Structure formats: structure tokens, C-alpha cells
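# mind folding the following:
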Amino acid sequence: MAEDTLASLRSLMASHSPPLHALLVPSEDYHQSEYVSARDKRRAFVSGFTGSAGLALITTDEARLWTDGRYFLQASQELSNQWRLMRMGEDPPVDIWMADNLPEGASIGVDPWCVSVDTAQKWERAFSKKQQKLIQTSHNLVDEVWNSRPPPELNPVSVHPLEFSGRSVADKLKDLREKLVQEKARGILITTLDEVAWLYNIRGTDVSYCPVVHAFAVVTLNSAFFYVDRRKLSSEVNIHMKENGIELRDYGAVTADVTLLASDQLTPSSSADVAKADTPKSKTNNNDNSCEVGANNNDFIWVDSGTCCFALYSKLNGDKVLLQQSPLALAKALKNPVEMDGLKKAHIRDGAAIVQYLVWLDRQMHELYGASGYFLEAENVKKKESKTTRLTEVSASDKLEQFRASKEHFRGLSFPTISSAGSNAAIIHYSPDAKNCADLDPNSIYLFDSGAQYLDGTTDITRTVHFGKPTKHEKACYTAVLKGHIALGNARFPSGTYGNTLDILARIPLWKDGLDYRHGTGHGIGSYLNVHEGPHQISFRPSARNVPLQVSMTVTDEPGYYEDGNFGIRLENVLIIKEADTKFNFGDKGYLTFEHITWAPYQTKLIDLSLLVPEEIEWLNNYHSKCSEILAPYLDESELAWLKKATEPVCV
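A predicted model of the protein is given here:
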């Protein structure tokens, strides 16, 4: 099947005008999304690699796939012998490899809808050394050979009410237009799905696990447009849009409208159909008097070069484009009081589901396998024979989803649950398959990384447990991960600090023993939106230097350690950034710290307490005490008794 797909694509490449020496197949959809709908998983279709991040390159005689450290092991298992794995950070980047290995004057094709402005321009710069050309294909070649491609989604759009969003569309549009005036822009093209959803206070189910809608938005100083398949809209959504001065347009109309936007000819079809927007005022350079914004003062179109597709950017006048990060990225990341309150409540309910799951799992491991369980240790546990009942990675994760589904405001999972036993836990973004997943093993580590979408918040938590007798090495590794987790969560740092500065805190305990992990340490998290949310990060990657950490941002704290073929460990909580109360205030900068909002116990059986310092033991005991207190109202008598035992104070 893979060979047939590659042969068909190479045939299309040869017949293309001009003939293509290579074809790039990105992971992204038209909106540069991390998670995409089933019909947009083109890279997975051609390569067989199912991870969320990667880039496929098909030449006349080779097929290569680039992916990052989270997926090295998974990709090596999923790729056929027709493909060669290229490890980001170890092998040459794709643009350098193409420039060096493809012939002079080569034509390299890509669907311009599936690549960002930044990436396309980076490739073009690399290609210029040998007069190679990036060719924008008029249609996606993969779609031509994908006979079983899923149909478009027709899922209903919903209004996200003010009781959960915390800010009206009118307020958000007003702030956005003020940003346009400040940057001398007369309009902005919004292509990122979660930004469209956040700005217009809508949600949907077009992408699994992400409550977003396939849509574009254009906002000018006096108008706003929403590009979507209208069959998805209810009368409530239509009224919501009209009341907020937003004109509805067909999804495909965005191409023509961006062309009109470039020539300043994009106007609402009828002034009677939408409410009139207030045009912000702008100060002139000569005096302090306010005046109406004019085309001479504001003539740029704002485009986020990291997220806007190359196809739409190509419709604009390059001299009149403001290539800058979308102002909505930071606005969305700075949670308002309603969103923060909702996130905290959602994480409490989610924590109760995690505890209920651990109680159930502990009981199952006892009954099915005769395991010593969550609290006790025993040598060489032997599985009981059971012909009817199996506890697998999938059946276990399904049970966890059931516990979450019983909670108020539950709307689904926030990403595919990583339920991984033994050596599978070493696959950082492992996704179990019901047909061939592993059974849980009381003699092996079990790692579960999971989250949920609730109307009032999005959750993401990882815990690692063992139901038999962990080895000394496993305990040492778990403890090193925990120490890094505590060090980052307890950090105090001056305002203006970037995430890459703090990343080292979580790694130092691992580095001490020559260990490390190949993923970032923290990402933002949405308010009933995407589980991975920027623009900030805590990571070693250059992108973590883009935006400083600020009060009311969310960020995860998730160090780990993975031993290929053996086990994996990760611990993850969601944090909110807040002001820190420090004795001094050097430089009058103000200092920040973190507040944990995730509540679930750490397995003390996996901790080598002799490796913890008194401050770490104090933190662990305080966290566990709060855990028991906060979750108590959501648990029954037996669950609460289990939790009290799981959170008993420890000492050396």
C-alpha cells in the first residue's frame, strides 16, 4: 500500500508543470494546526507515521520523514523500509538537506495552504543557493491519490457563553482594533482556529479533542468577517454573529476576500445586516489631538507569519504586510478572572476523576493480578490466570474517560490518552491501539498522560505509578523527575523572564546523573480550547524566547525520563503564573511565581526519600495535604480513605 502511494505520487510529480524533483507533505492543515481532522492527516497517510509533528519529503527515489525527539522511537516503529527517519536536532534540517542533496534548479512542490509564511520563506532562502524553486501546487497531490479520504466535517458551531468566556466579543474586538491602530494596520487576517474561536466566543468539534471550528476571520477597523461552512450554524450562532457586527461568509470566500483586503476593497455586503463597529481613534505624529484613522496612517495588513498559510499571504501586497505575531495569541494566553476561576474548578473535578481512577486501578491490580498494589511492595508478582478479564492500556484509559465523563461540564478528552505500560512508556507520545496494545503489568511502570475538555477549562495531567516492587533504578529516576518538577513549580523569578531560562530547573536533578529528556518542560493550556497553547513555553527551544512569562498565564510543569525498551516516567501539573511576595525587589522589576492547580497524589512508593532535601519533603507533604482537603467533597467514603492513605505525610 505504501509503495503504491509513493509510486502514484511520483507519477503525479513527473507529470506536474513544471515536473517536481521533490514533494513536501507537512503535518499541518490550512490553519497550521498541531492537531488536525481525519481528512487533513495527509502526512500520516503517505508515511504511516501517526505522530502529531513531522514533515515528509518524497523525491524521485527517496522518502524521508523529519520529526522531533518526542517521536523518534514511535517513528522508527511505524515507518516502513521505504522511509528513512530524520531526527530533528541530530540530522540536517529539511531545508538544508534539500538544498544540499537535490539538483541545481530543482523544483520542490508544496501545497501552499499547508505551510506557514515563515517556513515557506525559510525554504526559499535555502533554495536560492542553487537556484532551486519552491513550487506552489494548485491542488494537493496527496488528495489525488487518497481514495479513501474522509469527507469534510459538518459539526455544529456553538456559542461559548459569557459565564465561561469572561469577556464579550465586543470587548475583544475593541482591544484588537486598538492594536491595529497602534501598529498602523487597517486589518488583520486570523487563520489559527483557536484564535478565531476565542475572538468570536464560539466553539465546535471539527478537530478531535480541540473544541474549534474550521474557519477564518478578517477584522478591519470598522468591520469583521467570519468564513465558515454555513451549514454548521444554528439560529443562535447567526444571531450571536449579527449582534456582534460580524458578517458571515462562505469558508472558500476567504481567498477572494483577502485579495479585496489587499486593495482596500473589502466591505460588508450590507450595512443593515451587521452592527456598526466603533472605529478607534489614532493620534497623529504632529500633535496630541485625536483624529479618525485614515488609509494614509493605517495601510498595513497584519499577518502572523508563523501561523498564516503561504497561500493567503501570497494574495497580499508584500510591501503592505505587517509580519508579526498575532495580538490574539498573547491576549488569549492571559486568562481573565472568570477563565482562571473556571480552570481551577475544572482541575479540581478532574483531580477527583484521577483519584477515582487510581482507586479503581489499584483494586483491579489486586483482583486480577494479585499485585501488592499502590501502597505496598512485593517481589516478583505473578499474574493470575484469567480467561475472561484483561486489563489493557486501552481498557484502562477507557475507564479513566468514564470517570471524567461523570463530571460537570465534561465535553470530551483534550488529547488522546497516553496510557502506557512498561517499555511503551518510553515512547513519549505513545498512543495505544485496542488491537495490539499491551496488558498492564504489576511488575512494570505504568504512565498515563491525559486531559479533558470542560466548558470552564481544559486539563492536562501526567502521573506515573507502579503496582509491584519498583527497582532501585526506577525509584532513583522517578525521584530525579520529581525533584525537577518541584524545583520548577517552586521557582521565583523576575518579571520579563522567558521560559527558556527556567527550563534548566527541571533538568538539573536529571543532569546530575547524566540523564535528560527530549521534549519541552511546559506549554500553555487553553480555557476550553487547545491543550497546547502559546505563545509562551518553558523549553530549551528558541521559540521559548519569544514571549516572557506573565501573570495569569497557564503553563504545565512536566519533566520526564525515558529509557528505550524499559520504562518511561513523567510528572505533570498545570500551573498559573502569579505575583510573588519577595523580601526584596531588585531593580523594581517585580517577581513572579507559580500556583499549582492540578490535584492528584504522587506515588510515595516510587520515591527514594533519601534523595529529597527537607524543603522538598515539606513541599510534598503540603501539596498532599491540600490534595486531600480540596478533593474530599468529590469522593465517596472508600475513595477518600484511599486518598488519605496516599497523601499521608512522609519523612526521611
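# what about stretch 402-420, start to end distance?
The stretch stretch 402-420 measures 18 Å between its terminal residues, going by CA to CA, to the nearest Å.
# same question for stretch 162-171.
12 Å.
# give me the buried positions along that stretch.
Counting neighbours by 16 or more other CB atoms under 10 Å, one finds that the buried residues in stretch 162-171 are 164-167, 169. Just so you know, the C-beta spots here come from the backbone N, C-alpha and C atoms, and that holds for glycine as well.
# between those residues, which is nearest residue 74?
Residue 74 has its nearest neighbour among these in residue 164, at 35.1 Å by CB to CB.
# surely that closest one meets residue 335?
No - judged on CB atoms under 8 Å, residue 164 makes no contact with residue 335 at a distance of 11.8 Å.
# okay, and the common contacts of these two?
residue 527 (CB atoms under 8 Å, 6 or more residues apart in numbering).
# out of the buried residues of stretch 162-171, which comes closest to residue 542?
Out of those, the member with the shortest distance to residue 542 (by CB to CB) is residue 167, at 31.4 Å.
# my guess is residue 495 meets residue 589, correct?
Yes - with contact defined as CB under 8 Å, residue 495 and residue 589 form a contacting pair (4.9 Å).
# and these two? Which one has more around it.
residue 495 (17 against 12; other CB atoms under 10 Å).
# do you know how far the more buried one is from residue 502?
From residue 495 across to residue 502, the span is 13 Å (CB to CB, to the nearest Å).
# neighbours of residue 514, how many?
Around residue 514 there are 6 residues (other CB under 10 Å).
# ignore the last one, residue 520
24.
# give me the spatial nearest neighbour of it, chain neighbours excluded.
residue 539 (3.2 Å; CB to CB, 6 or more residues apart in numbering).
# confidence-wise, which helix or strand of the protein is lowest on average?
Sorted by mean pLDDT, DSSP states H and E, the helices and strands of the chain end with strand 290-292, the least confident at a mean of 38.
# could you pull out the helices for the stretch 301-450 of the chain?
All helices of the stretch 301-450 of the chain, identified by DSSP state H, counting those that start in this stretch, fall at 310-313, 327-333, 337-369, 393-405.
# what are the buried residues along the last one?
Just to be clear, that refers to helix 393-405. 393-397, 399-401, 403-404.
# also the longest one?
Buried residues in helix 337-369, counting neighbours by 16+ other CB under 10 Å, are found at 338-340, 342-362, 364-366, 368-369.
# one more: stretch 241-258?
Buried, per 16+ other CB under 10 Å, within stretch 241-258: 241, 244-249, 251, 254, 257-258.
# cool, stretch 423-437 as well?
Neighbour-count burial for stretch 423-437 [16+ other CB under 10 Å]: 423-432, 437.
# is residue 252 in a helix, a strand, or coil?
Under DSSP: H, G, I helix; E, B strand; the rest coil, the three-state class of residue 252 is helix.
# not counting its neighbours along the chain, what's nearest it?
Closest to residue 252 by CB to CB, 6+ apart is residue 227, at 7.9 Å.
# does the one you found have beta-bridge partners, and which?
Assessed by DSSP bridges, residue 227 has beta-bridge partners residue 216, residue 249.
# how near is it to residue 70?
Per CB to CB, residue 227 is found 33 Å from residue 70.
# residue 635 too?
34 Å.
# try residue 268
Taking CB to CB, one finds residue 268 at 45 Å from residue 70.
# show me where this structure dips below the pLDDT cut-off.
1-3, 270-296, 379-388 (pLDDT under 70).
# could I get the helices of the stretch 301-450 of the chain in JSON lines, plus columns for distance to residue 208?
Formatted as JSON lines, the helices of the stretch 301-450 of the chain follow (distance: least, CB to CB, whole Å):
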{"stretch": "helix 310-313", "distance to residue 208": "24"}
{"stretch": "helix 327-333", "distance to residue 208": "21"}
{"stretch": "helix 337-369", "distance to residue 208": "19"}
{"stretch": "helix 393-405", "distance to residue 208": "13"}
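# correct me, but residue 605 touches residue 374?
Yes - contact criterion CB under 8 Å: residue 605 and residue 374 qualify, at 7.1 Å.
# what about these two, which has more around it?
residue 374 (23 against 20).
# so what's the most centrally placed residue in the chain up against?
Nearest to the mean C-alpha position of the chain, by CA atoms, centre = their mean, lies residue 532 at 2.2 Å. By CB under 8 Å, 6+ apart, the contact set of residue 532 is 34, 523-525.
# now it: how far from residue 78?
21 Å.
# what of residue 42?
With CB to CB as the criterion, residue 42 and residue 78 are 16 Å apart.
# again, but for residue 543
For residue 543 relative to residue 78 (CB to CB), the value is 26 Å.
# pretty sure residue 360 contacts residue 398?
No - with contact defined as CB under 8 Å, residue 360 does not reach residue 398; the gap is 11.6 Å.
# show me what contacts the residue nearest to residue 252?
215-218, 249-254, 257 are the contacts of residue 227 under CB under 8 Å, 6+ apart.
# could I get these as TSV with distance to residue 446?
Below are the contacts of residue 227 laid out as TSV (distance: CB to CB, whole Å):
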residue	distance to residue 446
215	39
216	42
217	43
218	48
249	49
250	48
251	43
252	47
253	50
254	46
257	51
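# for those, which one is nearest residue 468?
The nearest one, if we look at the contacts of residue 227 relative to residue 468 and count by CB to CB, is residue 215, at 49.7 Å.
# spatially nearest residue to the closest one (excluding sequence neighbours)?
Using CB to CB, 6+ apart, the closest residue to residue 215 is residue 228 (4.1 Å).
# measure the one you found to residue 191 for me?
From residue 228 to residue 191 the distance is 13 Å (CB to CB).
# the residue nearest to the centre of the chain and residue 558: what is the separation?
From residue 532 to residue 558 the distance is 12 Å (CB to CB).
# with residue 117 instead?
Applying CB to CB to residue 117 and residue 558 gives a distance of 30 Å.
# what separates the helix or strand hosting residue 626 from the chain centre, distance-wise?
In the assignment (DSSP states H and E), residue 626 maps to helix 614-631. In terms of CA atoms, centre = their mean, to the nearest Å, the centre of helix 614-631 is found 29 Å from the chain centre.
# one more: stretch 440-457?
17 Å.
# dump it to PDB, restricted to CA.
Output of stretch 440-457 as PDB, limited to C-alpha atoms (Å, rounded to 0.1, in the frame of the first residue of the first chain):
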ATOM      1  CA  LEU A 440      -0.900  -3.700  32.300                       C
ATOM      2  CA  ASP A 441       1.800  -5.500  34.300                       C
ATOM      3  CA  PRO A 442       2.100  -5.200  38.100                       C
ATOM      4  CA  ASN A 443       5.900  -5.600  37.700                       C
ATOM      5  CA  SER A 444       6.300  -2.600  35.300                       C
ATOM      6  CA  ILE A 445       5.800   1.100  35.500                       C
ATOM      7  CA  TYR A 446       2.500   2.500  34.200                       C
ATOM      8  CA  LEU A 447       2.400   6.100  32.800                       C
ATOM      9  CA  PHE A 448      -0.800   7.900  32.000                       C
ATOM     10  CA  ASP A 449      -0.800  11.400  30.500                       C
ATOM     11  CA  SER A 450      -4.400  12.600  29.900                       C
ATOM     12  CA  GLY A 451      -6.700  15.500  30.000                       C
ATOM     13  CA  ALA A 452     -10.200  16.700  29.400                       C
ATOM     14  CA  GLN A 453     -12.300  19.500  27.900                       C
ATOM     15  CA  TYR A 454     -14.800  21.000  30.300                       C
ATOM     16  CA  LEU A 455     -16.900  24.100  29.500                       C
ATOM     17  CA  ASP A 456     -15.000  26.000  32.100                       C
ATOM     18  CA  GLY A 457     -11.500  24.800  31.400                       C
END
